[in-house]
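Engineer: Need a 3D model of the sequence below.
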Amino acid sequence: MTTSSSSVSHGDPAADPVESPFLTAARGGNPDRVPIWFMRQAGRSLPEYRAVRGEGSIIDAIVQPELAAEITLQPVRRYGVDAAVLYSDIVTPAHAIGVGIDVVPGVGPVVEHPFRSRADLARLRPLDPEADTPYVLETIRNVVGATDVPLLGFAGAPFTVASYLIEGRPSRTYGATKALMFTDEALWFDLMEALADLAIASIRSQVAAGCSAVQLFDSWAGALTPAHYRRYVLPTSQRVFAELADLGVPRVHFGVGTGELLGLLAGAEARHGGRGLAGAPGRCGFVRRATGAGQPGPGDRAGGCGANAGRGRGGASGGGSRRCARVQPGSRRTARDRP
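Structural biologist: Now for the predicted structure:
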């Protein structure tokens, strides 16, 4: 793997990305080689990123389409990865509709007034992508016009975005989130539905603009027991994927530390399911295709590296240390970390 920043040729930029190894594997086919990508491949591990990123919140860069497209393409040029990952953040839609959330450098998403009561639901108005996040759509169009590798778009899953809105900042215990979940189920499910609407509108607009695959980041679902995930989170995630099914693009479901939830994540009916890998940065493990979520043929593998770094316990974007994974063929056994 080269460490230079020179361009890596991927052929004619107008080529159909459907033929890419990444999309072939994601659709359950047999690519001619193992595709490689990083969940958060653009970031400060790259000197060219540090040269253009500037100071301040990541949102400041996301709202500049030319800059965001350049950052998206940097790892494609440097490493020749098989998929570009949109440079954005899981809280971008919430920020765009005026919820009062920003990404503070060195901290992560911070909410000025955390969600506390039913009155706060009024802050979650519907997302109009053309009016609220036109910079994201322009970034996508810029990237698609500049490379032949498929572009992976994404959104934050309702539970993970809810945890930021309720806690007000990154948390290790999610005490306030669980308190609302357990003490006011009606409010909890109304909040989850509103955030599902946000994710659905955002992802649909990304595909319309040119993304070839999408991912739902439920980064902190691993904080829940299987029983609590099944009752309080799964129904809404199922709804998100159901309302994306007609798009005809591969759909990925991702969470950190969710080994015990893998079967339930598969139940959300993503095209293929995966789980985050716990352990020290750089520790490798296997990610198996979730049961019933596509049945690839013998030898079908898709490789990827999921980064849970960048801004510490942040969401989808940023850069830093990486945790590697490999998507294995369809298996009915539970995936396990390997030493």
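Engineer: what residues are up against the residue nearest the centre of the chain?
Structural biologist: Closest to where the C-alpha atoms of the chain average out (C-alpha atoms, centre = their mean) is Phe217, at 4.0 Å. Shown in contact with Phe217 (C-beta atoms under 8 Å, 6 or more residues apart in numbering): Ile90, Phe154, Ala155, Gly156, Ala157, Thr160, Phe254, Gly255, Gly315, Ala316. For the C-beta atoms, the positions are set from N, CA and C on the backbone; glycine is no exception.
Engineer: what about it, distance to Arg125?
Structural biologist: 22 Å (C-beta to C-beta, to the nearest Å).
Engineer: per-residue pLDDT, the residue nearest to the centre of the chain?
Structural biologist: pLDDT, Phe217: 93.
Engineer: Then Ile59?
Structural biologist: At Ile59, pLDDT is 96.
Engineer: Check the secondary structure at it for me.
Structural biologist: helix (DSSP: H, G, I helix; E, B strand; the rest coil).
Engineer: so who does it touch?
Structural biologist: Applying C-beta under 8 Å, 6+ apart, we find Ile59 in contact with Asp89, Thr92, His95, Asp102, Val103.
Engineer: between those residues, which is closest to Arg204?
Structural biologist: Nearest to Arg204 among these: Thr92, at 14.7 Å, using C-beta to C-beta.
Engineer: Surely the closest one is in contact with Thr133?
Structural biologist: Yes: with contact defined as C-beta atoms under 8 Å, Thr92 counts as touching Thr133 (6.5 Å).
Engineer: Next, show the common contact partners of these two.
Structural biologist: Shared contacts of Thr92 and Thr133, counting by C-beta under 8 Å, 6+ apart, come down to Ser202.
Engineer: now the strands for the chain?
Structural biologist: For the chain, the strands defined by DSSP state E cover 84-85, 101-104, 108-111, 151-156, 213-217, 251-254, 272-273, 284-288, 302-306, 323-328.
Engineer: Now do the fifth one and strand 151-156, the angle between them.
Structural biologist: It refers to strand 213-217. Here the directions of strand 213-217 and strand 151-156 differ by 30 degrees (axes from the mean of the first three to the mean of the last three C-alpha atoms, to 10 degrees).
Engineer: I'd like to know which helix or strand in the chain has the lowest mean pLDDT.
Structural biologist: strand 284-288 (a mean of 34; mean pLDDT, DSSP states H and E).
Engineer: circling back: and the contacts of Phe217, which is closest to Arg231?
Structural biologist: Ala157 (15.6 Å).
Engineer: excluding its backbone neighbours, what's nearest the closest one?
Structural biologist: Asp218 (3.6 Å; C-beta to C-beta, 6 or more residues apart in numbering).
Engineer: you'd agree the one you found is up against Thr236?
Structural biologist: No: using C-beta under 8 Å, Asp218 makes no contact with Thr236, being 10.2 Å away.
Engineer: List the residues that are in contact with both of these two.
Structural biologist: Common contacts of Asp218 and Thr236, defined by C-beta under 8 Å, 6+ apart, comprise Phe159.
Engineer: got a list of what the residue nearest to Ala157 touches?
Structural biologist: Counting by C-beta under 8 Å, 6+ apart, Asp218 has contacts Gly156, Ala157, Phe159, Thr160, Val233, Ser237, His253, Phe254, Gly255, Thr258, Leu265.
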